[in-house]
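K.L.:
Build the 3D model from these lines:
(chains A, B and C)
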Amino acid sequence: MNHRLPHTFFQREVTDVAPELLGKILVRQFDDGSVQKFVITEVEAYRGRDDKACHANKGLTTRTEVMFREGGLVYVYLIYGMYWMLNIVTGEKGDASAVLIRGIGDISGPGRVGKALQLDKSFYGEDLFSSDRIWIENSEQKITFKAVPRVGIDYAGEPWIGKPWRFIVKK
DNA sequence: CGCAAGATTGGC
DNA sequence: CCAATCTTGCGT
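P.N.:
Predicted structure coming up:
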């Protein structure tokens, strides 16, 4: 029997949480009551204020405010005016770290993930343990993964570009 | 208050 | 290779 991951699972080092999320089950219950479950297949870690590729590196702003809270919350934002990125806040309060969900089930690409889950700004700050719309369930499924550099962050410069913080499930 | 750019995608 | 489309953050 699956059960939701507790807050303590997320309140750890983001580089530990990210790979462990692979193989876990992302559950979305839509407004009409239907439920869809997806296996998490690809994630990226964004590690707090020091990480120049992380939105929180510019300090606390209206947009990143939720990342500065405790792990276990949802951080969503609109990119390029059309794609909702789904992130999970990790670490202790003030860590400002998060995991970007880049792939679930057969869907690959963070923009398509947001589209499939029908995300919008109302998910900002959603609590993964108490929400009745979106949460993550544990899984005993054993998976193997590979770690490679993140994409789309050339502006961050080294050493951040080289960090192998993009985790992908191996088939 | 105006403007440039973004953790992307898909179409030409 | 570039447009779509809109919020945020920073400069004027």
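K.L.:
the residue most distant from the middle of chain A, which is it?
P.N.:
Each residue of chain A has a distance to the centre, and by Cα atoms, centre = their mean the biggest one is for residue A:32: 24.7 Å.
K.L.:
From DNA strand B, how far out is it?
P.N.:
Using Cβ to the nearest atom of the strand, to the nearest Å, residue A:32 is found at 24 Å from DNA strand B. Every C-beta, even on glycine, is put in place using the N, C-alpha and C of the backbone.
K.L.:
now swap in residue A:62 and tell me
P.N.:
Distance of residue A:62 to DNA strand B, given as Cβ to the nearest atom of the strand: 13 Å.
K.L.:
What of residue A:132?
P.N.:
From residue A:132 across to DNA strand B, the span is 24 Å (Cβ to the nearest atom of the strand).
K.L.:
Look at that residue and report its pLDDT.
P.N.:
pLDDT for residue A:132: 96.
K.L.:
from what I can see it touches residue A:29, true?
P.N.:
Yes - the criterion here is Cβ atoms under 8 Å, and residue A:132 meets it with residue A:29 at 6.2 Å.
K.L.:
Spatially nearest residue to residue A:6, not counting backbone neighbours?
P.N.:
Nearest residue to residue A:6, sequence neighbours excluded (Cβ to Cβ, 6 or more residues apart in numbering): residue A:129, at 6.7 Å.
K.L.:
so, in contact with DNA strand C or not, the longest strand along chain A?
P.N.:
The longest strand of chain A (DSSP state E) is strand A:35-46. No - shown here: strand A:35-46 not in contact with DNA strand C (Cβ under 7 Å from any atom of the strand), separated by at least 14.1 Å.
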